[in-house]
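Participant: Just the structure for this:
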Amino acid sequence: MARINIQFTLFSAFYSPLISAMSGGFLKAEGLDPEWSVSPPGVSALEALRNGSAHVVQSALSQGFVTLDKGETPFAVHFAQVNEMDGFFLAARKADPAFAWKKLEGAELVTFKGGQPHAMFKYACHKAGIDYSKIKLITPGGPAEIDKAFREGQGQYAHQQGPFPQQLQADGVGHVVAQVGPQIGPCGFSSLATTRDWLKTGMAKAFMRAYRKTRVYMTAAPAAGIARAEKPYFPRIGEKVLADCIATYQKLGCWTPHADITRAAYEKTLDIFEYNGQLKQRYRYEQVCATPPA
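Facilitator: Residues are numbered from 1 along each chain as shown. Okay, the predicted model is just below:
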(Lines give C-alpha, C1' and ligand atoms only; values in the text may rest on other atoms or scores of the structure.)
Protein backbone atom coordinates (compact mmCIF):
# COMPACT_ATOMS: atom_id res chain seq x y z
CA MET A 1 0.00 0.00 0.00
CA ALA A 2 1.22 3.50 -0.84
CA ARG A 3 0.38 6.31 1.57
CA ILE A 4 -1.63 9.15 0.01
CA ASN A 5 -2.03 12.34 2.02
CA ILE A 6 -5.28 14.27 1.59
CA GLN A 7 -6.18 17.60 3.17
CA PHE A 8 -9.60 19.24 3.43
CA THR A 9 -10.23 22.97 3.60
CA LEU A 10 -13.54 22.31 5.37
CA PHE A 11 -14.76 18.94 6.56
CA SER A 12 -18.46 18.22 6.22
CA ALA A 13 -20.84 15.75 4.61
CA PHE A 14 -20.94 18.05 1.60
CA TYR A 15 -17.52 16.69 0.65
CA SER A 16 -18.70 13.08 0.79
CA PRO A 17 -17.32 12.15 -2.65
CA LEU A 18 -13.81 12.57 -1.21
CA ILE A 19 -14.71 11.16 2.21
CA SER A 20 -16.35 8.09 0.67
CA ALA A 21 -13.29 7.43 -1.46
CA MET A 22 -11.75 6.64 1.91
CA SER A 23 -14.70 5.21 3.88
CA GLY A 24 -15.96 3.11 0.97
CA GLY A 25 -12.60 1.42 0.46
CA PHE A 26 -12.14 2.71 -3.08
CA LEU A 27 -8.65 4.10 -2.48
CA LYS A 28 -7.47 0.95 -0.72
CA ALA A 29 -8.77 -1.13 -3.62
CA GLU A 30 -6.32 0.80 -5.81
CA GLY A 31 -3.42 0.22 -3.41
CA LEU A 32 -3.63 3.62 -1.71
CA ASP A 33 -3.68 4.02 2.07
CA PRO A 34 -5.26 7.43 2.84
CA GLU A 35 -4.10 9.74 5.59
CA TRP A 36 -6.33 12.81 5.96
CA SER A 37 -6.28 16.14 7.75
CA VAL A 38 -8.08 19.51 7.82
CA SER A 39 -6.16 22.72 7.19
CA PRO A 40 -5.74 24.90 10.31
CA PRO A 41 -8.00 27.98 10.57
CA GLY A 42 -6.68 30.79 8.42
CA VAL A 43 -4.26 28.54 6.54
CA SER A 44 -4.99 27.48 2.96
CA ALA A 45 -4.95 23.76 2.27
CA LEU A 46 -2.76 24.64 -0.71
CA GLU A 47 0.08 25.22 1.74
CA ALA A 48 0.06 21.45 2.31
CA LEU A 49 0.72 21.00 -1.42
CA ARG A 50 3.45 23.61 -1.33
CA ASN A 51 5.29 22.03 1.59
CA GLY A 52 4.75 18.48 0.37
CA SER A 53 2.63 17.27 3.27
CA ALA A 54 -0.36 16.53 0.99
CA HIS A 55 -0.76 15.02 -2.46
CA VAL A 56 -4.36 16.17 -2.99
CA VAL A 57 -6.40 18.92 -1.32
CA GLN A 58 -10.06 19.86 -1.33
CA SER A 59 -10.20 23.46 -2.49
CA ALA A 60 -12.17 25.81 -4.75
CA LEU A 61 -11.68 27.36 -8.18
CA SER A 62 -11.76 30.80 -6.59
CA GLN A 63 -8.33 30.06 -5.11
CA GLY A 64 -6.95 30.20 -8.63
CA PHE A 65 -8.71 33.49 -9.31
CA VAL A 66 -7.14 35.10 -6.24
CA THR A 67 -3.65 34.04 -7.33
CA LEU A 68 -4.17 35.24 -10.91
CA ASP A 69 -5.57 38.57 -9.67
CA LYS A 70 -2.20 39.11 -7.97
CA GLY A 71 -0.47 38.67 -11.32
CA GLU A 72 0.96 35.31 -10.26
CA THR A 73 0.73 31.89 -11.91
CA PRO A 74 -1.02 29.30 -9.69
CA PHE A 75 1.37 26.54 -8.65
CA ALA A 76 -1.65 24.26 -8.06
CA VAL A 77 -4.21 23.12 -10.61
CA HIS A 78 -7.82 22.02 -10.12
CA PHE A 79 -8.34 18.66 -11.80
CA ALA A 80 -11.63 17.17 -10.56
CA GLN A 81 -14.86 18.42 -9.14
CA VAL A 82 -16.22 17.58 -5.70
CA ASN A 83 -19.48 19.54 -5.79
CA GLU A 84 -21.15 21.04 -8.83
CA MET A 85 -23.70 22.93 -6.74
CA ASP A 86 -23.68 25.15 -3.67
CA GLY A 87 -24.46 22.93 -0.67
CA PHE A 88 -25.47 25.47 1.94
CA PHE A 89 -28.85 25.56 3.68
CA LEU A 90 -30.90 28.19 5.46
CA ALA A 91 -32.23 27.14 8.86
CA ALA A 92 -34.89 29.04 10.77
CA ARG A 93 -35.99 28.97 14.40
CA LYS A 94 -39.36 27.52 13.43
CA ALA A 95 -40.61 25.35 10.60
CA ASP A 96 -41.81 27.49 7.71
CA PRO A 97 -43.29 25.59 4.75
CA ALA A 98 -44.18 28.95 3.19
CA PHE A 99 -40.66 30.36 3.44
CA ALA A 100 -39.72 32.91 0.79
CA TRP A 101 -36.29 34.51 0.42
CA LYS A 102 -37.95 37.91 0.87
CA LYS A 103 -38.28 37.05 4.57
CA LEU A 104 -34.51 37.44 4.96
CA GLU A 105 -34.81 41.20 4.41
CA GLY A 106 -34.69 42.86 7.84
CA ALA A 107 -33.90 39.55 9.56
CA GLU A 108 -30.75 38.52 11.44
CA LEU A 109 -28.70 35.83 9.70
CA VAL A 110 -25.76 33.98 11.27
CA THR A 111 -23.32 33.41 8.42
CA PHE A 112 -19.77 33.71 7.10
CA LYS A 113 -18.03 37.07 6.97
CA GLY A 114 -16.37 36.49 3.61
CA GLY A 115 -14.84 33.94 1.29
CA GLN A 116 -16.67 31.76 -1.19
CA PRO A 117 -19.69 30.97 1.04
CA HIS A 118 -20.37 34.71 1.31
CA ALA A 119 -19.87 35.34 -2.42
CA MET A 120 -22.18 32.48 -3.38
CA PHE A 121 -24.85 33.54 -0.89
CA LYS A 122 -24.79 37.14 -2.07
CA TYR A 123 -25.21 35.95 -5.67
CA ALA A 124 -28.08 33.67 -4.60
CA CYS A 125 -29.82 36.66 -3.01
CA HIS A 126 -29.37 38.53 -6.30
CA LYS A 127 -30.92 35.63 -8.24
CA ALA A 128 -33.75 35.41 -5.69
CA GLY A 129 -34.53 39.08 -6.32
CA ILE A 130 -34.01 40.32 -2.76
CA ASP A 131 -31.99 43.21 -1.33
CA TYR A 132 -28.93 41.64 0.30
CA SER A 133 -28.04 44.92 2.04
CA LYS A 134 -31.22 44.65 4.14
CA ILE A 135 -30.11 41.41 5.81
CA LYS A 136 -28.60 41.89 9.28
CA LEU A 137 -25.47 39.73 9.23
CA ILE A 138 -23.99 38.08 12.32
CA THR A 139 -20.53 36.69 11.50
CA PRO A 140 -18.99 34.85 14.48
CA GLY A 141 -16.42 32.86 12.47
CA GLY A 142 -16.29 29.41 10.85
CA PRO A 143 -18.84 26.58 10.73
CA ALA A 144 -18.50 25.54 14.39
CA GLU A 145 -18.79 29.15 15.59
CA ILE A 146 -21.86 29.75 13.42
CA ASP A 147 -23.50 26.62 14.81
CA LYS A 148 -22.68 27.59 18.38
CA ALA A 149 -23.97 31.13 17.94
CA PHE A 150 -27.31 29.98 16.51
CA ARG A 151 -27.72 27.35 19.25
CA GLU A 152 -27.10 30.04 21.85
CA GLY A 153 -29.93 32.15 20.48
CA GLN A 154 -28.27 34.52 18.01
CA GLY A 155 -30.04 35.21 14.72
CA GLN A 156 -33.38 34.29 13.25
CA TYR A 157 -31.71 32.27 10.48
CA ALA A 158 -28.44 30.36 10.02
CA HIS A 159 -26.51 29.79 6.79
CA GLN A 160 -24.71 26.42 7.03
CA GLN A 161 -23.42 23.38 5.16
CA GLY A 162 -24.83 19.96 5.96
CA PRO A 163 -24.99 18.18 8.28
CA PHE A 164 -25.04 21.15 10.71
CA PRO A 165 -28.61 22.29 9.87
CA GLN A 166 -29.88 18.72 9.79
CA GLN A 167 -28.48 18.22 13.29
CA LEU A 168 -30.14 21.47 14.41
CA GLN A 169 -33.43 20.06 13.17
CA ALA A 170 -32.88 16.71 14.87
CA ASP A 171 -32.14 18.55 18.12
CA GLY A 172 -35.25 20.73 17.80
CA VAL A 173 -33.16 23.90 17.63
CA GLY A 174 -33.84 24.88 14.02
CA HIS A 175 -35.60 23.85 10.82
CA VAL A 176 -34.25 23.75 7.28
CA VAL A 177 -36.34 26.15 5.20
CA ALA A 178 -34.30 26.59 1.99
CA GLN A 179 -31.31 25.47 -0.06
CA VAL A 180 -28.96 27.97 -1.64
CA GLY A 181 -27.92 25.77 -4.57
CA PRO A 182 -31.15 25.90 -6.62
CA GLN A 183 -30.99 29.70 -6.69
CA ILE A 184 -27.56 29.56 -8.34
CA GLY A 185 -27.65 26.42 -10.45
CA PRO A 186 -24.68 24.22 -11.41
CA CYS A 187 -21.29 25.80 -10.77
CA GLY A 188 -17.75 24.87 -9.82
CA PHE A 189 -18.33 25.12 -6.09
CA SER A 190 -15.57 22.85 -4.78
CA SER A 191 -12.82 20.87 -6.43
CA LEU A 192 -9.68 18.81 -5.95
CA ALA A 193 -6.33 20.50 -6.48
CA THR A 194 -2.77 19.27 -6.79
CA THR A 195 0.44 20.05 -8.68
CA ARG A 196 0.81 19.46 -12.41
CA ASP A 197 3.79 17.19 -11.71
CA TRP A 198 1.76 14.93 -9.42
CA LEU A 199 -0.93 14.50 -12.09
CA LYS A 200 1.69 12.70 -14.21
CA THR A 201 2.35 10.03 -11.57
CA GLY A 202 1.02 6.52 -11.25
CA MET A 203 -0.45 7.47 -7.89
CA ALA A 204 -2.56 10.15 -9.58
CA LYS A 205 -3.92 7.61 -12.06
CA ALA A 206 -4.73 5.19 -9.23
CA PHE A 207 -6.43 7.98 -7.28
CA MET A 208 -8.59 8.91 -10.26
CA ARG A 209 -9.64 5.30 -10.84
CA ALA A 210 -10.81 5.20 -7.23
CA TYR A 211 -12.41 8.63 -7.34
CA ARG A 212 -14.38 7.97 -10.52
CA LYS A 213 -15.79 4.78 -8.96
CA THR A 214 -16.65 6.73 -5.83
CA ARG A 215 -18.62 9.33 -7.79
CA VAL A 216 -20.76 6.65 -9.41
CA TYR A 217 -21.29 5.10 -5.97
CA MET A 218 -22.40 8.47 -4.56
CA THR A 219 -25.28 8.70 -7.02
CA ALA A 220 -26.28 5.03 -7.05
CA ALA A 221 -25.91 3.79 -3.46
CA PRO A 222 -28.59 4.29 -0.79
CA ALA A 223 -27.85 7.25 1.48
CA ALA A 224 -28.15 5.04 4.56
CA GLY A 225 -25.31 2.80 3.36
CA ILE A 226 -23.06 5.74 2.55
CA ALA A 227 -23.79 7.27 5.96
CA ARG A 228 -23.06 4.00 7.76
CA ALA A 229 -19.61 3.83 6.17
CA GLU A 230 -18.91 7.52 6.82
CA LYS A 231 -20.18 7.60 10.41
CA PRO A 232 -16.72 7.13 12.04
CA TYR A 233 -15.69 10.41 10.40
CA PHE A 234 -18.63 12.22 12.09
CA PRO A 235 -18.61 11.12 15.74
CA ARG A 236 -20.86 14.00 16.88
CA ILE A 237 -23.49 13.58 14.15
CA GLY A 238 -26.25 11.00 14.38
CA GLU A 239 -26.21 8.35 11.65
CA LYS A 240 -29.80 9.08 10.64
CA VAL A 241 -29.04 12.81 10.49
CA LEU A 242 -26.03 12.06 8.30
CA ALA A 243 -28.12 9.83 6.03
CA ASP A 244 -30.80 12.51 5.69
CA CYS A 245 -28.15 15.06 4.76
CA ILE A 246 -26.55 12.75 2.17
CA ALA A 247 -29.95 11.94 0.66
CA THR A 248 -30.65 15.67 0.32
CA TYR A 249 -27.35 16.23 -1.48
CA GLN A 250 -28.03 13.29 -3.78
CA LYS A 251 -31.39 14.80 -4.70
CA LEU A 252 -29.86 18.25 -5.12
CA GLY A 253 -27.57 16.90 -7.83
CA CYS A 254 -24.26 18.29 -6.60
CA TRP A 255 -22.58 14.86 -6.89
CA THR A 256 -22.82 14.14 -10.60
CA PRO A 257 -21.12 10.92 -11.81
CA HIS A 258 -18.57 12.73 -13.98
CA ALA A 259 -15.35 13.81 -12.29
CA ASP A 260 -14.24 16.51 -14.73
CA ILE A 261 -14.74 20.20 -13.96
CA THR A 262 -16.97 21.19 -16.85
CA ARG A 263 -16.38 24.43 -18.72
CA ALA A 264 -19.99 25.45 -18.10
CA ALA A 265 -19.53 25.07 -14.33
CA TYR A 266 -16.27 27.00 -14.53
CA GLU A 267 -17.88 29.88 -16.45
CA LYS A 268 -20.74 30.07 -13.94
CA THR A 269 -18.21 30.40 -11.12
CA LEU A 270 -16.60 33.28 -13.02
CA ASP A 271 -20.06 34.89 -13.27
CA ILE A 272 -20.52 34.66 -9.50
CA PHE A 273 -17.17 36.20 -8.58
CA GLU A 274 -17.50 38.83 -11.30
CA TYR A 275 -20.87 39.85 -9.82
CA ASN A 276 -19.21 40.18 -6.40
CA GLY A 277 -16.47 42.42 -7.81
CA GLN A 278 -13.85 39.84 -6.88
CA LEU A 279 -12.45 39.21 -10.35
CA LYS A 280 -10.10 41.45 -12.30
CA GLN A 281 -10.76 39.56 -15.54
CA ARG A 282 -12.32 36.33 -16.81
CA TYR A 283 -9.46 33.86 -16.77
CA ARG A 284 -9.17 31.01 -19.24
CA TYR A 285 -10.17 27.53 -18.06
CA GLU A 286 -6.65 26.24 -18.69
CA GLN A 287 -5.17 28.83 -16.32
CA VAL A 288 -6.98 27.23 -13.38
CA CYS A 289 -8.08 23.72 -14.40
CA ALA A 290 -6.57 20.57 -15.89
CA THR A 291 -8.03 17.36 -17.27
CA PRO A 292 -7.74 14.52 -14.73
CA PRO A 293 -5.52 11.54 -15.58
CA ALA A 294 -7.17 8.90 -17.75
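
Participant: Helices along the stretch 51-200 of the chain, start to end?
Facilitator: Residue ranges of the helices in the stretch 51-200 of the chain, as given by DSSP state H, counting those that start in this stretch, are 61-69, 115-128, 143-151, 164-170, 181-184.

Participant: Name the stretch among those that sits most buried.
Facilitator: Here the criterion is mean neighbour count by mean count of other CB atoms under 10 Å, and of the helices of the stretch 51-200 of the chain the winner is helix 164-170, at a mean of 23. (Glycine included, C-beta is placed from N, CA and C.)

Participant: what's that one in contact with?
Facilitator: For helix 164-170, the external contacting residues (CB atoms under 8 Å, 6 or more residues apart in numbering) are 12, 89-91, 143, 146-147, 150-151, 158, 160, 174-176, 237-238, 240-242, 244-245, 248.

Participant: average pLDDT for it?
Facilitator: Confidence over helix 164-170 (mean pLDDT, whole number) is 95.

Participant: next one: stretch 80-88
Facilitator: For stretch 80-88, mean pLDDT is 97.

Participant: Might you list the low-confidence residue ranges for the stretch 51-200 of the chain?
Facilitator: Regions of the stretch 51-200 of the chain meeting the criterion pLDDT under 70 are absent.

Participant: which stretches of it form strands?
Facilitator: If you assign secondary structure with DSSP state E, counting those that start in this stretch, the strands in the stretch 51-200 of the chain sit at 56-59, 76-83, 88-92, 108-110, 136-138, 157-161, 175-179, 190-195.

Participant: Give me the buried positions along stretch 262-270.
Facilitator: Buried residues in stretch 262-270, defined by neighbour count with 16 or more other CB atoms under 10 Å: 262, 265-266, 268-270.

Participant: hmm, I was thinking of stretch 36-45
Facilitator: 36, 39, 44-45.

Participant: from what I can see Tyr15 touches Ser59, true?
Facilitator: No. In this structure, Tyr15 sits apart from Ser59 without contact. The criterion is CB atoms under 8 Å, and the distance is 10.8 Å.

Participant: related to what we said a few turns ago, so which of the strands of the stretch 51-200 of the chain comes closest to Gln281?
Facilitator: Comparing the strands of the stretch 51-200 of the chain against Gln281 with CB to CB, the closest turns out to be strand 76-83 (18.0 Å).

Participant: What is the closest one packed up against?
Facilitator: helix 16-23, strand 56-59, helix 61-69, strand 190-195 (3 or more CB pairs under 8 Å, 6 or more residues apart in numbering; DSSP states H and E).
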